[in-house]
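Peer 1: below is the structure, and that's it, no one-letter string:
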């Protein structure tokens, strides 16, 4: 759980041994250094002269005024004051003449807010604290003011480990005072700022706000509705600015971006939020390579300087390769254990279920080899080179040798074999691959370097997929505006299920962090896809089709999921840790108790009323 | 209507006479210069080598590839190509070998999208166009590609004057191609970017996103509701991030800002939008002066370089002064015509209604003098120094002389006098003052310099106002979190209606462009204001009250209305002209037809149904 702190405090830890608690000063220092420009003025416009975290020996003798929270007090002699920037030690005056100052500083409860003025002095020899960035100095206080007193807290601010997430969300304003949340939110702000610099200042993108009160999109089952004052008329909160950004290209804006708030009503799903943020980008006259280079440059430019730099270009893999080698469209390429096709080796096998699988269409036999898997799983190839498996006796010698060669099996490795329909077999092994990696790491095997950020493009997705409920019909694999792959356009009219798209996904450490495509800019082609292939009602999109008729430029774009990206960059366990006020997995704001009941009177202007579930349904819900 | 263009093209106009049409090149040039940094790469990642607008004599001989829209064609010999950056002349090849290129360029309808490659050459002597930034050169085309053909347009792009606003909004993607909308949206993007630089990079503010799915605030009658999947539970779309930004201060974030999307359901109101954007700012340990200096610096830093620079500090005026002198809390200080109290002069008047007014509580007589008002209004002081007024015969000589002295009346001036309750009298004259200014300007009198941006702080507002429907009860003049003025705190418990607040408004040219306050950070005081003064249900705000109990720092903030500010900066006639996809004044998206009907099936997951108005109500609605 502490991996995001371990990297942050890595340098510090090296000199001082293991740190189990975040140290404020080093946090802020690394953030300021990472901005690679003159340090911002952190005390402009306010009462303080300095922040708590910035004072060093170079400030000795200076008269300073500090504002902050009382972190703790030691025997009414010392007090440690905290602000967002760090901690500093304050000496509580003991002489009679300063009795009122002493009273304030000794009586204020922990987490009270005080303002102190005094002189920066050296700590007495031997009392320096090398673990504390301000550890060489302390403040000799002359005046003190209690700005606000603090009542008994539901939990200690410095002791953030023991809080349940429910408690953290209920008292989010206290949780935010912790070093970890401060780091996450400040890093997010800085990284987005650098993205803006890259897009606006370096490459001429225009930051354009698009509406969030829009209309329902075809198939937009996950869109929240917003009743209007016209009876029966509703706005929808869009899942992305997709239509608007394409219309901006038709409008000649050429290069658009927006840090866009998006909405998706998925009910209760862990690690999803009903509102989320994407870095939304669209360009005219661009191809897939152009968008990919742009994004590589964007991430390289905005990458935090306390992490290893991002290497570009990112490797690329087709959807087919990803599925064949990793059993997923978002492979975690930080470790091997790739899926290997061993069908050929078992063409003449006596093992019934392998025979069976191979005889069916798309039937294959696939395997992965788990290095050192013996530590956690039944041994497959024993140290005496015999096989430990229920089917060991059916494996012929040349098959065994072939397996060892093909999968590069070492002693104590485990091989997992599956047989069946190609896609299902790959997908199953893909999941097992990740499960095994987790198991191995839980046992202490280092498989994925936590400092490694492994970006990957996945390309050449299918344009359409068979509908789950009715495989005879097709639906868009991503969305209906995705352009077909230029080499496959002819198939659109004959075998649309075989058409690859110009969609691309950006994958980081096995998570999808972005996706985009070159769009259809030809109105006829768009109409054909919507009406003939997807059987959609084109009327709902008539404005977009009309726009394509009026000189739409070729265009394409991408959206990066900012919450997910920041979650991976900070190493946070949940996207809730990179959002200031997240909803619980049931979509509740545990602090304010949203959503909440409202009166029928308040619903009246919107011409709606609540359809209360029947008694039996209510009971079930309880 | 063209004032925003007149300034933009001022320099150009001086050398070439009046321009009635926006010239593309100068637009983009001024935008790039205003960024005060190296010019962004406008052709990175795409097929083109250059933009249409950037080519000059210095590019002579270069092989270029351009992408753009066909603006117009002259006799199949020249074609003018347009992109967001400007216009360039393309020579259509006439020789037999280039027949296919000629065919493409001559047959493509206007507003079709083409890609051309060729050489930058000098125009033949005498054919240069000094009005066109690219007017010294033209492109000798070698290859051409039709990227997309354009159907017959509903209106001409270059001829934006004749469009109705309904047509503009219906085909917004075409309207956006016009120079004026391009300028407005690009300037908005650049100005916001500079604000971010100032806040983030120079002053250590943290850009934090706050939720828009929140819960109803007390008295939040203008909040859109969003049904959730729990029966009877609704989110609300907040009117501002007020509560969240205060909670961030309690969370120790110290300096917050956000370019925040806000929502307000006001039904149909001209020049308001159901969703709008504010630059939302909050700081800890700050006072009113601190916030004001911050905002002055922010506007100075981000002010467009093609406008006269902003002078700081901004002048300040109390609410009482503003009302007394201008009859409004948002005075337009670009011109005089101040309200003057002439009560004393008429203490012994024989004019009945003046006597009457003075005898009542708060009764006053007020006047404004309209210079050169004779051009539009009945003359009051005639050239022969006699009074032209129904009450002229009752004005005694010393009263007349006193008036002339006090109001500095010149010949041909008009004086408007009103008598009555002070606030009403001032308010009436304030409105007449603006009406007269409009009338005078319509007649050609230059009263308000269109190049002048006159910022003003209005301070010392009352904390509470009597409720309109029941003047015995008080309501917040702004919102219940506003702190009382330190000098008036004692009055809170005795005469709350007399308490001034620490609220401040920022006014620009007579429009409110921002407002903020120092907030209450003491839980007891906040409880007293909510419960004892405002009689609000404190349970709805229990999370905020609790937060104030746990060591809330003193804090304050402000919000700037970005749409209104950009409207004034660009001189646009409506905020719809600085928003990419605005709603009509009825809240409709005329392009996509939002809000729209949805099926009962789609409402089911939200446990709501439409309450259709009764037949008679429906008929009335028709």
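Peer 2: Structure's in. What do you need? Computed from a predicted structure; not experimentally measured.
Peer 1: quick check: residues of the stretch 1-150 of chain A near chain B?
Peer 2: A:35, A:37, A:40-42, A:44-48, A:67, A:69, A:82-84, A:111-113, A:115, A:147-150 (CB under 8 Å from any CB of the partner chain). C-beta coordinates here come from the backbone N, C-alpha and C atoms, glycine included.
Peer 1: mind running it again at 6 Å?
Peer 2: Listed as neighbours of chain B in the stretch 1-150 of chain A under the rule CB under 6 Å from any CB of the partner chain: A:40-42, A:44-47, A:67, A:69, A:84, A:111-113, A:147-148, A:150.
Peer 1: now the buried members of these.
Peer 2: A:40, A:42, A:44-47, A:67, A:69, A:84, A:111-113, A:147-148, A:150 (16 or more other CB atoms under 10 Å in any protein chain shown).
Peer 1: related to what we said a few turns ago, nearest to residue B:143, out of the residues of the stretch 1-150 of chain A next to chain B: which one, please.
Peer 2: residue A:40 (50.4 Å; CB to CB).
Peer 1: narrow the residues of the stretch 1-150 of chain A next to chain B to those in helices?
Peer 2: Among these, no residue falls in helices (DSSP state H).
Peer 1: max-length helix in chain A?
Peer 2: Ranking each helix of chain A by length (DSSP H) puts helix A:422-442 first.
Peer 1: stretch A:306-325 and chain B, any residue contact?
Peer 2: No: against chain B, stretch A:306-325 shows no contacts by CB under 6 Å from any CB, the least distance being 12.8 Å.
Peer 1: first-to-last residue distance for that stretch?
Peer 2: The first and last residues of stretch A:306-325 sit 33 Å apart, counting by CA to CA, to the nearest Å.
Peer 1: now it: average pLDDT?
Peer 2: For stretch A:306-325, mean pLDDT is 96.
Peer 1: what of stretch A:71-85?
Peer 2: 95.
Peer 1: which residues touch that stretch?
Peer 2: Contacts with stretch A:71-85, where a contact means CB atoms under 6 Å, 6 or more residues apart in numbering or on different chains, come from A:28, A:51-53, A:68-69, A:87-90, A:92, A:105-106, A:182, B:252, B:254.
Peer 1: and those, which of them are buried?
Peer 2: For the contacts of stretch A:71-85, a burial check counting by 16+ other CB under 10 Å picks out A:28, A:51-53, A:68-69, A:87-90, A:92, A:105, A:182, B:252, B:254.
Peer 1: determine which two of those are furthest apart.
Peer 2: Maximum distance among those (CB to CB): 26.4 Å, for A:92 and A:182.
Peer 1: tell me where the stretch 401-550 of chain A has strands.
Peer 2: Ranges of strands within the stretch 401-550 of chain A are A:414-421, A:455-459, A:464-466, A:474-476, A:503-508, A:511-518, based on DSSP state E, counting those that start in this stretch.
Peer 1: now residue A:602, what's its secondary structure?
Peer 2: Secondary structure for residue A:602, judged by DSSP: H, G, I helix; E, B strand; the rest coil, is helix.
Peer 1: next one: it relative to residue B:215, how far apart?
Peer 2: Distance, residue A:602 to residue B:215, using CB to CB, to the nearest Å: 12 Å.
Peer 1: between those two, who's got more neighbours?
Peer 2: More crowded of residue A:602 and residue B:215, by other CB atoms under 10 Å in any protein chain shown: residue B:215, with 24 against 16.
Peer 1: so for the residue nearest to the more buried one when sequence neighbours are not counted, what's the pLDDT?
Peer 2: Taking CB to CB, 6 or more residues apart in numbering or on different chains, and ignoring the residues beside it in sequence, residue B:215 has residue A:594 as its nearest neighbour in space, at 3.5 Å. The confidence metric pLDDT takes the value 94 at residue A:594.
Peer 1: and the residue of the stretch 201-350 of chain A closest to chain B?
Peer 2: residue A:251 (3.0 Å; CB to the nearest CB).
Peer 1: can you tell me the closest non-neighbouring residue to that residue?
Peer 2: residue B:176 (3.0 Å).
Peer 1: residue A:587: neighbour count?
Peer 2: 23.
Peer 1: before we move on, what about the one 10 residues further on?
Peer 2: Look at residue A:597: counted by other CB under 10 Å, it has 14 neighbours.
Peer 1: from what I can see it touches residue B:232, true?
Peer 2: Yes: the pair residue A:597 / residue B:232 is scored as a contact, 5.5 Å apart, by CB atoms under 6 Å.
Peer 1: I figured residue A:331 hits residue A:321, correct?
Peer 2: No: using CB under 6 Å, residue A:331 makes no contact with residue A:321, being 8.9 Å away.
Peer 1: more neighbours: which of those two?
Peer 2: Counted by other CB under 10 Å, residue A:331 and residue A:321 do not tie: residue A:331 has more neighbours, with 24 against 14.
Peer 1: contacts for stretch A:131-144?
Peer 2: By CB under 6 Å, 6+ apart, stretch A:131-144 touches A:16, A:25, A:55, A:57, A:88-91, A:93, A:101, A:104-105, A:114, A:116-121, A:123, A:128-129.
Peer 1: from the buried ones among the residues of the stretch 1-150 of chain A next to chain B, which ones fall inside strands?
Peer 2: A:67, A:69, A:113, A:147, A:148 (DSSP state E).
Peer 1: out of those, which comes closest to residue A:534?
Peer 2: Among those, and counting by CB to CB, the member closest to residue A:534 is residue A:69, at 57.3 Å.
Peer 1: who is that closest one paired with across the strands?
Peer 2: residue A:82, residue A:113 (DSSP bridges).
Peer 1: surely it meets residue A:109?
Peer 2: No: taking CB under 6 Å as the definition, residue A:69 is not a contact partner of residue A:109, at 10.6 Å.
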